[in-house]
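[1] Below are the sequence and a predicted model for it; my questions follow.
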Amino acid sequence: MTDKTHGRRYSPEVRERAVRMVVEHGAEHASQWAAIVSIAGKIGCAPQTLHTWVTQAERDSGKRAGPTSDERDRIKALERENRELRQANEILRKASAYFAQAELDRPLKR
């Protein structure tokens, strides 16, 4: 990867500060996007990344419709659990079929 910012993780503190800066300095710019572009350049992230953070912060505070961070985390956990349960069911289904076949192949006791 030649782009050094690709895949970079930002601490929650940096995210919160950047979002707070957009909110606090939004009036100094022609639009929210203009504020985002300006602040993203200062903290070294892509404007779209900061826009995503701002949008999620608005959802978390109830200013925008959509799932909050807690709801998104809960959905992700439930999807993971669902996937694991499906895998476990598939394993049990195969084991049941294997043992049923083994029982059919076994000679009868007299």
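    On my side now, so go ahead.
[2] Just the element for residue 38, please.
    Assigned by DSSP states H and E, residue 38 belongs to helix 32-43.
[3] Provide the contact partners of that helix at residue level.
    Here helix 32-43 makes contact (Cβ atoms under 8 Å, 6 or more residues apart in numbering) with 14, 17-18, 21-22, 25-26, 28-29, 46-47, 49-51, 54. C-beta here means a position set from N, CA and C on the backbone, and glycine is covered the same way.
[4] quick one: low-confidence ranges for the chain?
    Within the chain, the ranges that satisfy pLDDT under 70 run 1-8, 108-110.
[5] Can you give me the domain assignment for it?
    1-66, 68-110 (automatic domain parsing).
[6] I'd like those laid out as JSON lines, including mean neighbour count.
    As requested, the domains of the chain are exported to JSON lines (neighbours: other Cβ atoms under 10 Å):
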{"stretch": "domain 1-66", "mean neighbour count": "14"}
{"stretch": "domain 68-110", "mean neighbour count": "10"}
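[7] May I ask you to name the longest helix in the protein?
    The helix that spans the most residues within the chain, counting by DSSP state H, is helix 69-105.
[8] Remind me what that helix packs against, helices and strands.
    In terms of contacts (3 or more Cβ pairs under 8 Å, 6 or more residues apart in numbering; DSSP states H and E), helix 69-105 is packed against helix 47-60.
[9] what sits against residue 65?
    residue 59.
[10] nearest residue to residue 70 other than its sequence neighbours?
    In this structure, residue 70 finds its nearest non-sequential neighbour in residue 60, 8.0 Å apart by Cβ to Cβ, 6 or more residues apart in numbering.
[11] any idea how far residue 105 is from the one you found?
    Distance, residue 60 to residue 105, by Cβ to Cβ, to the nearest Å: 59 Å.
[12] Ok, residue 35 next?
    Applying Cβ to Cβ to residue 35 and residue 105 gives a distance of 72 Å.
[13] ok so, going back, how close does the residue nearest to residue 70 get to residue 67?
    10 Å.
[14] what do you get for residue 47?
    Distance from residue 47 to residue 67, by Cβ to Cβ: 23 Å.
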